[in-house]
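Participant: Quick one: sequence plus predicted model below, questions after.
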Amino acid sequence: YAGPSALETAPFLTVSALLMMLRSELPGDGLGAEEPEDTDRTRAEVLRCVQHIQANYDQALSAEVLSGITALPRSAINKAFRQYTGKSVKQYVTEVRIKEAKRLIGLGELPLQQVAEQVGYRDFSTFYRNFLQITGVSPTDYRRSNVQGAGKKDPTVS
């Protein structure tokens, strides 16, 4: 038995060499699973995520989606995001959505179902639960306390 020919082993050796070069360039084990270090690059990627969330809160957002717009793998985004914001990606997205929902509800023009849809919720019960959890009041009660009376004239002002 003479063993495999050079033509048979060349692709394997090329891939092996490329993997070794990548491992020397990446932190940790070189497989991209290493958590991010405290670097300017990581901070910049988290800032990019924050800006993307604020501009696209009405769309489906997850660590997986954010990894597609940054140079960080999904597992690193979760840790880096928590490190720099103090919140998980999901918590941050929820807070941004509820903040915008409060603004829209305060305008008093849209039905609550439509507010939920405009801030990225396809399921009203999830919107309702998140709104209640963050604000401490239901969307309906929030609307009552922040919209009713807004159009009424204060009798103490002439």
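Facilitator: Arrived safely.
Participant: Just after whichever strand or helix holds Q133, pick out the following helix or strand.
Facilitator: Using DSSP states H and E, Q133 falls within helix 124-135. Using DSSP H and E, the helix or strand that follows helix 124-135 in sequence is helix 139-146.
Participant: and that next one, what does it pack onto?
Facilitator: helix 89-107, helix 112-118, helix 124-135 (3 or more CB pairs under 8 Å, 6 or more residues apart in numbering; DSSP states H and E). (Glycine included, C-beta is placed from N, CA and C.)
Participant: rerun at 7 Å
Facilitator: helix 89-107, helix 124-135 (3 or more CB pairs under 7 Å, 6 or more residues apart in numbering; DSSP states H and E).
Participant: if you compare those, which one is most tucked away?
Facilitator: Most buried of the helices and strands packed on helix 139-146, by mean neighbour count (mean count of other CB atoms under 10 Å): helix 89-107, with a mean of 18.
Participant: Extract the C-alpha set from that one and format it as CSV.
Facilitator: Written as CSV, here are the backbone C-alpha positions of helix 89-107 (Å, rounded to 0.1, in the frame of the first residue of the first chain):
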residue,chain,number,x,y,z
VAL,A,89,-30.1,42.1,23.8
LYS,A,90,-33.7,40.9,24.4
GLN,A,91,-34.1,43.2,27.4
TYR,A,92,-32.7,46.2,25.5
VAL,A,93,-35.0,45.6,22.5
THR,A,94,-38.0,45.3,24.7
GLU,A,95,-37.2,48.6,26.5
VAL,A,96,-36.7,50.4,23.3
ARG,A,97,-40.0,49.1,21.9
ILE,A,98,-42.0,50.0,25.1
LYS,A,99,-40.5,53.5,25.2
GLU,A,100,-41.7,54.1,21.7
ALA,A,101,-45.0,52.5,22.5
LYS,A,102,-45.4,54.9,25.4
ARG,A,103,-44.8,57.8,23.0
LEU,A,104,-47.3,56.5,20.5
ILE,A,105,-49.9,55.9,23.2
GLY,A,106,-49.4,59.4,24.5
LEU,A,107,-50.3,60.8,21.2
